[in-house]
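Trainee: Next come a sequence and a model predicted from it.
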Amino acid sequence: MKQKKAAQIILWLLLVSAVLLILSHFDVLDRPLTLPPDPEKLILAGQQESASEVSIPADSEPSTGAEVDADHIPEPTAIEQVDSTVDKTLQKLVFSDNDPDLLTTDGSKLRIWPEKSSVPQVSSSETAVLARATEDKPLAGTFIILDPGHGGSDLGVSWQDEDGSEVLLEKTLNLEIAIKVQEALTRLGAEVKMTRSTDEKHSYFYVMAYTADLLLQRYAADIRQVGYDPEPLEPLRLLMQDIIRINSGLQDSGGRGIFGSIGTPPNLKLIYDIQGEYKDTVFISLHLEVSEQEEDKGVRVRYMSKEYVHDMNNSYAAGTDALDHAPNYSGYNSARRESLATLLESRLTTLDPRLKSNLKAVFEDDLVVLRLNNVTSAQLTCGFLSNADDRARLTSQEGQSLIARGIAEALLQYFTANP
């Protein structure tokens, strides 16, 4: 009896399901188990509806709101054909001049990449850097990456008093100063990103991958705006995400990724070329120093020119066949790098002459965070923990705010002199 009732229930369920399917087929009911709509298609449908509601006189021309290089604008008919296959309206993004096998060397030095960029240009003029600046936001339109050196188990330099009751750590002060710099720059309208905002350790290669990924994201959005499909950029972003995830500077960890080679391999050249598109971007790494000489003090700024990077890479390759290594990158803007370094030191010491160092103040030095990117960059030493006057300034709210103000004013001078 129970089996007969169970069979009847199953039969009724089948009949009800069949009726529901028939009704949904004729759109009397919603269809069961349908997938959610594609968000891009919904946006596209909204664009089509908006376009159908707006009447444009035949003799008028739509305004784009920005000027771009005419060589990189798709044919108007390609942009205007809006349908469910919108990606087909985008041009294929092609990389050129990126084959190291076409370059030669006598074996004594690394080959050199041509200065020509391998990627399409996204801006028509360098003068667009401060295009959005206003009187109360003079740094609007600029993009600043701050790197508070060290963090987590990486303490940096340190100082403690004779009885050990007071201990100062570079990693802590770097972050405190960076936060004040971020606040000062944001008030002036700059967009600011920090490589860390808490007490966490990141490898130098993490910092470089983080910096590269920020600009890869910007380029992907910008290149789509001028009519290119950004999909070929995804492998580069995956390479950066892998380095960020591994977050290790050990040779065998995999955390160095494409940054771990001598010279600049093809994929890294693409990233450097993309970074070079953004004259509105600056990278500053904040650090402190100590010295056995208590009189050593003040602000010091390090940078790397193209020639200095080439010399360093050639020194690493010494005693090996240069053809075994990637070519040297030649697109670094040495003048901008030196200008940034000089202005940082000059503005800070003008605000407070006590910040002037008794040592060489602006000089070239081989640092990973300066060598492995094509962003205008500098490493700024804000003072010496081993010097009593510097120490008092570095640990006070007033002293840190003064440093932040000096950096902000130096950047305003930099962008005014280097539009």
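Mentor: Arrived safely, thanks for sending.
Trainee: got any ranges where the stretch 1-150 of the chain has weak pLDDT?
Mentor: Within the stretch 1-150 of the chain, the stretches with pLDDT under 70 are 1-88, 123-131.
Trainee: can you rerun that using 90?
Mentor: Applying pLDDT under 90 to the stretch 1-150 of the chain flags residues 1-90, 97-98, 104-108, 122-136.
Trainee: Ok, the stretch 151-300 of the chain next?
Mentor: Residues of the stretch 151-300 of the chain that meet the criterion pLDDT under 90 lie in 161-165, 251.
Trainee: quick one, strands of it?
Mentor: 158-160, 167-169, 191-194, 228-229, 281-289, 300-303 (DSSP state E, counting those that start in this stretch).
Trainee: closest to residue 254 out of those strands?
Mentor: Closest approach to residue 254 among the strands of the stretch 151-300 of the chain is made by strand 281-289 (23.7 Å; Cβ to Cβ). C-beta here means a position set from N, CA and C on the backbone, and glycine is covered the same way.
Trainee: mind saving the C-alpha coords of that closest one as CSV?
Mentor: In CSV, the C-alpha atoms belonging to strand 281-289 read as follows (Å, rounded to 0.1, in the frame of the first residue of the first chain):
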residue,chain,number,x,y,z
THR,A,281,53.4,59.1,-11.3
VAL,A,282,56.2,59.3,-8.7
PHE,A,283,57.6,56.6,-6.3
ILE,A,284,59.2,57.6,-3.1
SER,A,285,60.7,55.1,-0.6
LEU,A,286,61.1,56.5,2.9
HIS,A,287,64.0,55.4,5.2
LEU,A,288,66.2,56.4,8.1
GLU,A,289,69.9,55.9,8.7
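Trainee: So what are the sheet partners of it and their directions?
Mentor: According to DSSP bridges, strand 281-289 has the following sheet partners: strand 143-148 (parallel), strand 376-384 (parallel).
Trainee: In a markdown table, list the strands of the stretch 151-300 of the chain along with distance to residue 175 and mean neighbour count.
Mentor: Shown next, in a markdown table, are the strands of the stretch 151-300 of the chain (distance: least, Cβ to Cβ, whole Å; neighbours: other Cβ atoms under 10 Å):
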| stretch | distance to residue 175 | mean neighbour count |
| --- | --- | --- |
| strand 158-160 | 14 | 15 |
| strand 167-169 | 10 | 16 |
| strand 191-194 | 9 | 17 |
| strand 228-229 | 38 | 20 |
| strand 281-289 | 9 | 24 |
| strand 300-303 | 19 | 24 |
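Trainee: State the number of residues packed around residue 254.
Mentor: Look at residue 254: counted by other Cβ atoms under 10 Å, it has 13 neighbours.
Trainee: And it, how close does it get to residue 239?
Mentor: 11 Å (Cβ to Cβ, to the nearest Å).
Trainee: again with residue 223
Mentor: Distance of residue 223 to residue 239, given as Cβ to Cβ: 18 Å.
Trainee: And residue 207, by the same measure?
Mentor: For residue 207, the distance to residue 239 equals 15 Å [Cβ to Cβ].
Trainee: the more surrounded of residue 223 and residue 239?
Mentor: residue 223 (24 against 20).
Trainee: show me the contacts for the residue lying closest to that one once chain neighbours are set aside.
Mentor: Take residue 223 and drop its neighbours on the chain: the residue closest to it by Cβ to Cβ, 6 or more residues apart in numbering is residue 230, 5.2 Å away. Contact analysis of residue 230 by Cβ atoms under 8 Å, 6 or more residues apart in numbering lists 93, 219-221, 223-224.
Trainee: Thanks a lot, see you next time.
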